[in-house]
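Participant: would you be able to build a 3D model of this:
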Amino acid sequence: MSYLLKAKSWVSQEKAAGSLDEQHDKINEVRELLGSLTAEMPSFLSESTIRRFLRAKSWSTEQATKALKETIKWRRQCRPDTICWEDIHEREHEARRAYIADYLDKNGRTVFISKPAIKSKLSSKDQIKHLVYNLEILAMLSENEQDECVAWLTDFQGWVLTCTPFSMVRESMHIIQNHYPGLMAVAILSNPPKIFESFWKIVRHFLEPEMNQKVKFLYTNNPESHKTVADMFDLDNLETTFGGRNKVAFDMDKYNERMKRNDQMRGASKHANA
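Facilitator: A predicted model of the protein is given here:
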């Protein structure tokens, strides 16, 4: 999509959102439409969550309410709020495949990094569980944000078709778009191999048009891509695999402690999950 079309899309979103007072009125209207459900899940149905769903649905209170009701049904069954770091099997390995960085981009957005070329040791069900856990943390970190606040970087170095089953992609995209809308600001696909082109032609059909617009293909040996990355990130923080200068190895001990602190902030624990 051209810059002009993106600008028009942004302007239409701004018009739909209205003033802060109008946004607040829409949030209250959704609360009324949800009725007793707000008492069932008060922590989840916060002002921040309702705003995210409204933003994802172009500030339509009816569509946002419908989407929230579907997500409430899903949360009753999956209980994502009770998943904690200690529930993730093979977490020391899986964290290297997908983790929340300890720095922000230049726009103050949380950075989420995935490396699908690293073979998972988990079943499909447990891989989805790990994804949902990360999305819960990202949602918590976005609690006070007015706009999409996650920059998702995917490293495709060494990727082959067998690394990412279509069924897994389809389920992951469904969960992200339907149950955690309004989080992703940009999704950067770094150095995808030639074979990824055919894969992408299928995968893009799983994405909603607005999500498709957020996807950027970047190549570290391309000067234009390097400029894009430098505009978005402090290169001293960004990992070398994405064109940054950070060569520091992933510190599993620090990451363990950070995730445990996040669990405490969320109120998730082994006791709550029992």
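
Participant: quick one: buried residues of stretch 123-137?
Facilitator: By 16 or more other CB atoms under 10 Å, the buried positions in stretch 123-137 come out as 126-137. Heads up, the C-betas are built off the backbone N, CA and C, glycines and all.

Participant: can you list the residues that contact that stretch?
Facilitator: Stretch 123-137 has contacts (CB atoms under 8 Å, 6 or more residues apart in numbering) with 78, 80-81, 83-85, 87-89, 91, 94, 98-100, 112, 120, 122, 165, 167-168, 171-172, 175-176, 179-180, 183, 259, 262, 266, 268.

Participant: and that stretch, how far out from the chain's middle?
Facilitator: Distance of stretch 123-137 from the chain centroid (CA atoms, centre = their mean, to the nearest Å) equals 12 Å.

Participant: ok, stretch 229-244 next?
Facilitator: The chain centre lies 19 Å from the centre of stretch 229-244; the measure is CA atoms, centre = their mean.

Participant: leaving out chain neighbours, which residue sits closest to residue 167?
Facilitator: Nearest non-adjacent residue to residue 167, counting by CB to CB, 6 or more residues apart in numbering: residue 124, 7.2 Å away.

Participant: equivalent analysis for residue 220, please.
Facilitator: Spatially, and ignoring its direct neighbours in sequence, residue 220 is nearest to residue 243 (4.3 Å; CB to CB, 6+ apart).

Participant: my guess is the one you found meets residue 235, correct?
Facilitator: Yes: Residue 243 lies in contact with residue 235 (CB atoms under 8 Å); the separation is 7.4 Å.

Participant: who does the closest residue to residue 242 other than its chain neighbours bridge with?
Facilitator: Of all residues not flanking residue 242 in the chain, residue 190 sits nearest, at 5.3 Å (CB to CB, 6+ apart). With DSSP bridges as the criterion, residue 190 is bridged to residue 155, residue 218.

Participant: start the count at 58, not 1, going forward
Facilitator: Sure thing, new numbering starts at 58, so read that last one as residue 247.

Participant: and residue 247, how many neighbours does it have?
Facilitator: The tally of other residues near residue 247 (other CB atoms under 10 Å) stands at 22.

Participant: for it, give its distance to residue 160.
Facilitator: Distance, residue 247 to residue 160, using CB to CB, to the nearest Å: 17 Å.

Participant: follow-up on the earlier one: how far away is the residue nearest to residue 299 from residue 186?
Facilitator: Residue 247 is 25 Å from residue 186, by CB to CB.

Participant: got it, and residue 318?
Facilitator: From residue 318 across to residue 186, the span is 20 Å (CB to CB).

Participant: ok, back up a step: now, which of the contacts of stretch 180-194 lie within helices?
Facilitator: 135, 148, 151, 224-225, 228-229, 232-233, 236, 316, 319, 323 (DSSP state H).

Participant: buried ones among these?
Facilitator: Neighbour counting with 16+ other CB under 10 Å marks 148, 151, 225, 228-229, 232-233, 236, 316, 319, 323 as buried within the ones in helices among the contacts of stretch 180-194.

Participant: which one of the residues you listed is nearest residue 165?
Facilitator: Among these, residue 319 lies closest to residue 165 (CB to CB), at 18.0 Å.

Participant: that closest one: what's it in contact with?
Facilitator: Residue 319 touches 142, 194, 197, counting by CB under 8 Å, 6+ apart.

Participant: Serialize those residues to JSON lines and add fields for distance to residue 310 and pLDDT.
Facilitator: As requested, these are exported to JSON lines (distance: CB to CB, whole Å; pLDDT from 0 to 100):
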{"residue": "142", "distance to residue 310": "13", "pLDDT": "97"}
{"residue": "194", "distance to residue 310": "18", "pLDDT": "97"}
{"residue": "197", "distance to residue 310": "22", "pLDDT": "94"}
